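> attaching a predicted model along with its sequence, questions to come.
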Amino acid sequence: MAATPASVWHPRHNPWLITVSVMMAVFMEVLDTSIANIALPHIAGNLSATTDEATWVLTSYLVSNAIILPMTGWLGNYFGRKRVLISCIVMFTIASALCGLAWSLPTLIIARVLQGAGGGAMVPIAQAIMLESFPPQKRGQAMAVFAMGVVVAPILGPTVGGWITDNYSWRWIFYINLPVGILAALMAQWVVEDPPYIKRNEKADIDFLGFGLLAVWLATLQIILDKGQEADWFSTDWICWFAVISVAAFIGFIAWEFHTDHPLVDLRVFKNRNFTVGVILMTSLGAILYGTTAQLPLFLQTLMGYPALQSGYAMSPRGIAAFLTTLVVGRLVGKIPMRWMLGFGFVALATSSFMLGNLNLQVSQSGVIWPSVINGIAISFIFVPLTTTTMSQLAQAQIGNASGLYNLMRNLGGSIGIAFVTTMLARGAQVHQALMVGHLTPTDPAFAHRLAATEKVFAQQTDPAAATTQAYATIYNTLDQQAHLWAFVDVFMLFGVLALCGLPLILLFKKVKNAPKPSAPAH
């Protein structure tokens with residue numbers, strides 16, 4: 001017999017007050033995914049480690065974060081969502097203090113594991129709370145506020161991290177979480193409440209096998225993505241073994257979760273077409289968002305000679321544009337068809353990527369800022385309606401589990417985008433250098449003319465033999481810069497193509513209805 005639908009639940013406190021309380025935690029957590037990137041050389045030097053060893057500060061956080069994300073729905077049902085949220089905020093805050101106090105690299109890595117585990121559940125729980133607290137017709141506005149944290153925070157992370165590191169110490173990028181975390185925990189205790197369909201079920205069987213398979217799959221995959229280029233990918237034995245283990249654990253996890261009566265992650269939510277299409281598009285968006293965030297500062301610092309902080313300032317208009325646009329987009333949701341907004345967003349995202357694909361070594365700062373501004377506008381036009389549409393066909397009781405999966409794929413998409421950028425820049429530069437070096441021969445008129453002119457300049461300062469050596473070195477340096485430039489151009493152009501590939505998928509979305517959907521009975 002079909003269960004009788006339950007009435008739609010409404011919180012006792014004002015939804016906007018709830019939003020403020022959970023968004024403090026969200027912004028704090030997402031900011032920490034990128035704020036430490038720019039401080040890695042300082043961390044390595046202070047803790048007597050190499051820069052490669054210091055990258056485990058980033059990897060350890062992402063691994064533990066990824067493992068917890070899809071478990072969010074189960075944790076909320078087992079312990080109570082409010083209790084999990086407050087516990088995660090407290091754990092994240094304490095771990096942030098330990099990160100700042102770390103006296104060695106292993107200590108910092110352990111603290112980052114705890115920080116990632118604490119932060120993993122905060123974002124999906126906050127998203128679920130916001131979606132449930134607002135009526136369906138106002139969820140677009142709620143997701144606009146959510147986007148400010150999830151989209152703007154990683155963009156501002158390098159700028160904030162660079163400023164704090166240059167003016168104070170890398171330890172303060174963790175200490176700034178303490179007052180925010182304390183206030184967020186107190187506000188969550190005051191205004192957040194568990195819906196009636198989130199009933200604690202401490203007697204339910206714990207899916208230990210599912211958790212083990214999930215942890216192995218995500219941990220090995222994240223390590224492969226973070227360390228693949230550094231280890232030369234599948235030319236290294238341990239990468240091959242990790243890949244085999246990851247695939248086997250993934251297949252085992254999928255099979256087990258559909259087989260067990262009490263799954264750790266309810267994968268049946270993928271039967272909903274809007275959710276499945278939305279997850280695919282969000283994975284692509286995550287790859288472009290995080291890939292561009294990683295690539296553009298690298299271009300400005302390595303090829304244009306910008307200091308770290310100045311490159312962060314050049315990226316700031318992107319975050320400002322995303323922030324301001326979300327305020328507008330939230331009000332447009334429900335008034336303009338979602339497909340139109342998504343279509344505009346993906347076209348604008350492709351346009352910004354193609355504009356960045358026309359960069360050269362003489363580009364002015366405005367030539368970087370304007371494509372970045374369009375990129376920020378595009379991301380806001382995608383993120384808000386995409387999240388609203390993806391969750392539109394789900395019952396309230398399904399949102400917690402779905403939100404964990406949705407945010408997991410956003411993070412994995414980001415990791416894939418960063419790994420793609422790292423690999424393509426390193427190997428693309430080698431490919432372009434090999435193609436261009438064939439023109440550096442005495443029989444090439446342009447090369448012969450350039451060499452003679454450069455030798456003449458150096459001959460005024462040193463002997464002819466040294467002038468020839470310096471001329472060759474100068475021309476090779478120009479060749480190397482151009483090869484790296486073409487590698488950057490290739491990646492930006494590929495991101496533009498990836499953005500255009502999202503357009504056909506938009507047509508697969510079912511139309512979003514404003515009528516509230518009753519919550520499914522708790523199991």
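Structure's in. What do you need?
> so where's the stretch 51-200 of the chain shaky on pLDDT?
Scanning the stretch 51-200 of the chain for pLDDT under 70 picks out 51-52, 196-200.
> switch to 90 and redo it
Flagging of the stretch 51-200 of the chain using pLDDT under 90 yields the residue ranges 51-86, 100, 102-106, 108-109, 113, 116-174, 176-177, 180-181, 184-185, 187-200.
> in this structure, what helix or strand scores lowest on average pLDDT?
Counting by mean pLDDT, DSSP states H and E, the chain has its least confident helix or strand at helix 51-54, which shows a mean of 70.
> that one: what's the following helix or strand?
Per DSSP states H and E, the first helix or strand lying C-terminal to helix 51-54 is helix 56-68.
> tell me what the following helix or strand past that next one is packed against?
Sequence order places helix 72-79 as the next helix or strand after helix 56-68, per DSSP H and E. Applying 3 or more CB pairs under 8 Å, 6 or more residues apart in numbering; DSSP states H and E, we find helix 72-79 packed against helix 81-101, helix 122-133, helix 396-436. Placement of C-beta: from N, CA and C, glycine included.
> now do 7 Å
On a contact count with 3 or more CB pairs under 7 Å, 6 or more residues apart in numbering; DSSP states H and E, helix 72-79 meets helix 122-133, helix 396-436.
> put together a markdown table for those, with distance to Ala487 on each row.
A markdown table is the format used below for the helices and strands packed on helix 72-79 (distance: least, CB to CB, whole Å):
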| stretch | distance to Ala487 |
| --- | --- |
| helix 122-133 | 33 |
| helix 396-436 | 3 |
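> and those helices, which is most packed in?
Among these, the stretch with the highest mean neighbour count (mean count of other CB atoms under 10 Å) is helix 122-133, at a mean of 28.
> can you list contacts of that helix?
Residues outside helix 122-133 that contact it (CB atoms under 7 Å, 6 or more residues apart in numbering): 9, 11, 15, 18-19, 22-23, 25-26, 29-30, 69, 72, 76, 81, 84-85, 88-89, 92, 139, 142, 146, 150, 192, 195, 391, 396, 399-400, 403-404, 407.
> for stretch 359-367, same thing?
By CB under 7 Å, 6+ apart, the list of residues contacting stretch 359-367 from outside reads Leu303, Ala314, Gln481, Leu485, Phe488, Val489.
> which of these tops the neighbour count?
Per-residue neighbour counts (other CB atoms under 10 Å) across the contacts of stretch 359-367 peak at Phe488, which has 23 neighbours.
> for it, give me its contacts.
Applying CB under 7 Å, 6+ apart to Phe488 gives the contacts Gln295, Phe299, Leu359, Leu425.
> go again with 8 Å.
Residues near Phe488 by CB atoms under 8 Å, 6 or more residues apart in numbering: Gln295, Phe299, Leu303, Leu359, Leu425.
> repeat that for Tyr61.
By CB under 8 Å, 6+ apart, Tyr61 lies in contact with Asp32, Thr33, Ala36, Arg112, Val113, Gln115, Gly116, Gly119.
> out of those residues, who's nearest Leu349?
Thr33 (20.5 Å; CB to CB).
> can you get me a residue count around the closest one?
21.
> not counting sequence-adjacent ones, nearest residue to it?
Spatial nearest neighbour of Thr33, excluding adjacent residues (CB to CB, 6 or more residues apart in numbering): Pro154 at 5.8 Å.
> how close does the one you found get to Met148?
Note on Pro154: its distance to Met148, by CB to CB, to the nearest Å, is 12 Å.
> do the same with Pro124
The gap separating Pro124 from Met148 is 17 Å, by CB to CB.
> how about Gly404?
Distance of Gly404 to Met148, given as CB to CB: 21 Å.
> next one: Asp480
The gap separating Asp480 from Met148 is 40 Å, by CB to CB.
> neighbour count winner among the two?
Met148 (24 against 15).
> my read is that the more buried one contacts Phe323, right?
Yes: counting by CB atoms under 8 Å, Met148 touches Phe323, with 5.7 Å between them.
> list the contacts for the closest residue to Asp266 other than its chain neighbours?
Distances taken as CB to CB, 6+ apart put Asn401 closest to Asp266, at 4.9 Å, once the chain neighbours are dropped. Residues counted as contacts of Asn401 (CB under 8 Å, 6+ apart) are Thr72, Gly73, Trp74, Val265, Asp266, Val269.
> list the contacts of the closest residue to the fourth one other than its chain neighbours.
Okay, so that is Val265. Nearest residue to Val265, sequence neighbours excluded (CB to CB, 6+ apart): Pro70, at 4.7 Å. By CB under 8 Å, 6+ apart, Pro70 lies in contact with Leu214, Leu264, Val265, Gly404, Leu405, Leu408.
> likewise for Leu75?
With CB under 8 Å, 6+ apart, Leu75 has these contacts: Ile68, Val84, Ala121.
> would you mind listing which of those residues are buried?
For those, a neighbour count by 16 or more other CB atoms under 10 Å gives the buried set as Ile68, Val84, Ala121.
> these two touch, right, the first one and Gly120?
Yes: applying CB under 8 Å as the test, Ile68 and Gly120 come out as touching, 2.8 Å apart.
> what's the average pLDDT for the helix or strand harbouring Phe383?
Assigning secondary structure by DSSP H and E places Phe383 in helix 365-390. Average pLDDT, helix 365-390: 87.
> got the angle between that helix and helix 122-133?
Angle of helix 365-390 versus helix 122-133, following axes from the mean of the first three to the mean of the last three CA atoms, to 10 degrees, is 60 degrees.
> helix 365-390: which residues count as buried?
Neighbour-count burial for helix 365-390, counted by 16+ other CB under 10 Å, picks out 368-369, 371-390.
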